[in-house]
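K.L.:
Kindly generate the corresponding structure for this input.
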Amino acid sequence: MATTRFSGPNASLKITPSNSPVLRPGTRSPSKSSHQSSLSLQTVLGTTTTTPNGFSSHDQSKRFALCAGSAAVLAELDDDANISQRFFRARPSATSVNPTTSFYNHSTPPATPDPKSRSLSHIRSNPHLNLPASPSGETSDSGSPRAWSSRERIKAVTSVSISPNGRFLAVGETGYNPRVLIFSTARDALPDVPLSILNDHTFGVRSLAFSPDSQYLATLGNVNDGFLFIWSINLKNGSARLHSANKCTSSVRDMCWLGQSLVTTGVRHVKVWRLPTNRPVSPTKSRLVVEGGGPSPNPAPKALSGRNCLLGPLGDSTFSCVGSISDQEAVVGTELGAVCLIDDREGSQKMTTVAQLGLSVTSLAVDFDRECVWLGGRGRRMQRLSFEAIRSPPMSPGRVEKGAVDKKNKSPPITCMGSLSSHLVTVDMTREIRICPMDALREEGEQEQDPGRTPCRLIETLCLEFVV
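P.N.:
Next comes the predicted model:
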């Protein structure tokens, strides 16, 4: 791209946000009033969530999160089935409450100075403190709304995850040098000031997942990034420290925790990753640490070990979604309609096929209140399987060829599902968000999510009222 430069101050057009050693901003006379024009985003319609990675639900608080452009939406369902929404995003030059040292990525993209970062020091001791803010949520030192600079490139949100304790929301970005933002979900917390910002991924964040005790956060980069990181989360203030890491270059579709282990599923891929155990330190090493002045403030991450599951006849399958039903059991769905159970008792990670459905499984939701798993597929079709049926299948299911599954329905599939105790939330490929009462769904057999026959609430638009 050719760049044309004109003479005079403020007469050059910069497409790439880089610092120029030649051009300097012109001086302005104090007597002349300046006018700054900016483009503001007032409303975002719908959702950009297209995979299970861009959706997360928390049944205890009846909350669910999804992606909407460069922001994450946190919706909450009250007792009267009314929905309230909050929006979380951070400008590219934002500063987190808790500073996080990057171990792998020491370079930072060019950014404009953020005057707001100077005012964050007094809230670091209380990350849930609510401060007066402008309608946009971004204020300058003078208290007026700040326009985003042309140098601040906004990245789309690709993945979200709500911690099991309901206190944190993790948001992952796309593109080069993406961030993982950890927000507080407290009602009086600032939605544009992250508790922590993680910058170790180099190209796109594929998936996020909190451990069952909320003490660990798994972040997986895209194939071009090729890294799986495990972060240790401080439950008091939301600070993060890199705990362990390893390469993961497979095409991963989904991941979830299985107790203190992590399961990743994808194209011809099912793998169980295990956190390294803390070995006792010998007295000699302890003495050396004391004499050397203590441990390093930024120690190297530990190696995260992983082992593939034996796929057997499903070796050519795409494992589209996964969800844990206990600390040692996880359910996996495939695009061929096979439903598998990973049994990790005694560390065996044995995977068996427990059911063969007549639909291509694209998403699933675990309902612990009813002890069942909801599986979604094409044409907004769903099927429910109880924990008992999954753990004790009646017989070995037969294999169904892909053509037999796909010929039944070519309609858009359900890409995301979540259980909110009393309601089931689904998002399909057309980006329609539906909330259905659990009592209106059949307990057995395959069913279609038809608003004409099922009292599902269709949320056609999600409006994000903020200014960027």
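K.L.:
Please make it C-alpha for all contacts and neighbour counts, starting now.
P.N.:
Noted.
K.L.:
quick one, helices of the stretch 151-300 of the chain?
P.N.:
283-291 (DSSP state H, counting those that start in this stretch).
K.L.:
what are the ranges of the strands in the stretch 351-468 of the chain?
P.N.:
For the stretch 351-468 of the chain, strands defined by DSSP state E, counting those that start in this stretch occupy the ranges 363-367, 372-376, 381-386, 414-419, 423-428, 433-437, 446-448, 457-459.
K.L.:
The second one pairs with which strands, parallel or anti?
P.N.:
Using DSSP bridges, strand 372-376 pairs in its sheet with strand 363-367 (antiparallel), strand 381-386 (antiparallel).
K.L.:
average model confidence for the longest one?
P.N.:
Yep, that's strand 381-386 we're talking about. In this model, strand 381-386 carries a mean pLDDT of 94.
K.L.:
for stretch 249-266, same thing?
P.N.:
If you average the pLDDT over stretch 249-266, you get 96.
K.L.:
which outside residues touch it?
P.N.:
Outside stretch 249-266, the residues within contact range by Cα atoms under 8 Å, 6 or more residues apart in numbering are 51-53, 207-212, 222-227, 267, 269-275, 318-324, 326-330, 332.
K.L.:
again, only using 7 Å
P.N.:
Stretch 249-266 is contacted by residues 52-53, 207, 209, 211-212, 223, 226, 267, 270-275, 318-324, 327-330 when judged by Cα atoms under 7 Å, 6 or more residues apart in numbering.
K.L.:
just stretch 165-175 next, same as before
P.N.:
By Cα under 7 Å, 6+ apart, the surrounding residues in contact with stretch 165-175 are 58, 72, 155-163, 179-186, 203-205, 214.
K.L.:
Can I get the buried part of these as one PyMOL selection?
P.N.:
Here is the PyMOL command that selects only those of those that count as buried (16 or more other Cα atoms under 10 Å):
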select buried, resi 58+72+155+156+157+158+159+160+161+162+163+179+180+181+182+183+184+185+203+204+205+214
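K.L.:
quick one on the thing from earlier: now the contacts of stretch 249-266: which count as buried?
P.N.:
The neighbour-count criterion (16+ other Cα under 10 Å) marks 52-53, 207, 209, 211-212, 223, 226, 267, 270-275, 318-324, 328-330 among the contacts of stretch 249-266 as buried.
K.L.:
So which of the residues you listed belong to strands?
P.N.:
Judged by DSSP state E, strands contain the following of these: 207, 209, 270-274, 319-324, 329-330.
K.L.:
Identify each buried residue in stretch 77-97, please.
P.N.:
So stretch 77-97, judged by 16+ other Cα under 10 Å, has buried residues 77, 86-97.
K.L.:
Endpoints of that stretch, how far apart?
P.N.:
Here the two ends of stretch 77-97 are set 29 Å apart, with distance taken as Cα to Cα, to the nearest Å.
K.L.:
quick one: low-confidence ranges for the stretch 351-468 of the chain?
P.N.:
Applying pLDDT under 70 to the stretch 351-468 of the chain flags residues 395-410, 443-468.
K.L.:
How many neighbouring residues does T277 have?
P.N.:
Neighbourhood size, T277 [other Cα atoms under 10 Å]: 7.
K.L.:
wait, I meant L198
P.N.:
By other Cα under 10 Å, neighbour count at L198 equals 24.
K.L.:
Distance-wise, check the nearest residue to E335 once chain neighbours are set aside relative to H58.
P.N.:
With Cα to Cα, 6 or more residues apart in numbering as the criterion, E335 has its nearest non-adjacent residue at 4.5 Å, and that residue is S360. S360 is 25 Å from H58, where distance means Cα to Cα.
K.L.:
What of F88?
P.N.:
Counting by Cα to Cα - F88 and H58 are separated by 17 Å.
K.L.:
Check A72 too.
P.N.:
15 Å.
K.L.:
one step back: columns mean neighbour count and distance to M351 on top of the strands of the stretch 351-468 of the chain, output as a markdown table?
P.N.:
Listed next are the strands of the stretch 351-468 of the chain as a markdown table, based on neighbours: other Cα atoms under 10 Å; distance: least, Cα to Cα, whole Å:
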| stretch | mean neighbour count | distance to M351 |
| --- | --- | --- |
| strand 363-367 | 27 | 17 |
| strand 372-376 | 24 | 17 |
| strand 381-386 | 20 | 17 |
| strand 414-419 | 28 | 23 |
| strand 423-428 | 24 | 27 |
| strand 433-437 | 21 | 32 |
| strand 446-448 | 16 | 24 |
| strand 457-459 | 14 | 37 |
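K.L.:
Helix or strand next in line after the lowest-mean-pLDDT helix or strand in the chain, which one?
P.N.:
Lowest by mean pLDDT, DSSP states H and E among the helices and strands of the chain is helix 283-291, with a mean of 47. Counting by DSSP states H and E, the element after helix 283-291 in chain order, helix or strand, is strand 302-303.
K.L.:
other SSEs contacting that following strand?
P.N.:
If contacts are counted by 3 or more Cα pairs under 7 Å, 6 or more residues apart in numbering; DSSP states H and E, strand 302-303 sits against strand 240-247.
K.L.:
Just the C-alpha atoms of the strand it packs on, please, in PDB.
P.N.:
The C-alpha trace of strand 240-247 is given here as PDB (Å, rounded to 0.1, in the frame of the first residue of the first chain):
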ATOM      1  CA  ALA A 240      -2.500 -14.800  37.400                       C
ATOM      2  CA  ARG A 241       0.800 -16.600  37.200                       C
ATOM      3  CA  LEU A 242       2.000 -19.000  34.500                       C
ATOM      4  CA  HIS A 243       2.000 -22.400  36.100                       C
ATOM      5  CA  SER A 244       2.700 -24.900  33.300                       C
ATOM      6  CA  ALA A 245       2.800 -25.100  29.500                       C
ATOM      7  CA  ASN A 246       3.300 -27.300  26.500                       C
ATOM      8  CA  LYS A 247       2.900 -27.300  22.700                       C
END
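K.L.:
What lies in contact with it?
P.N.:
100, 196, 226-234, 301-304.
K.L.:
Okay, now the unreliable bits of the stretch 51-200 of the chain?
P.N.:
105-152.
K.L.:
can you pull up the bridge partners for C416?
P.N.:
The bridge-partner assignment for C416, based on DSSP bridges, gives V427.
K.L.:
D200 versus that one, what's the distance?
P.N.:
Plainly put, C416 is 27 Å away from D200 if you go by Cα to Cα.
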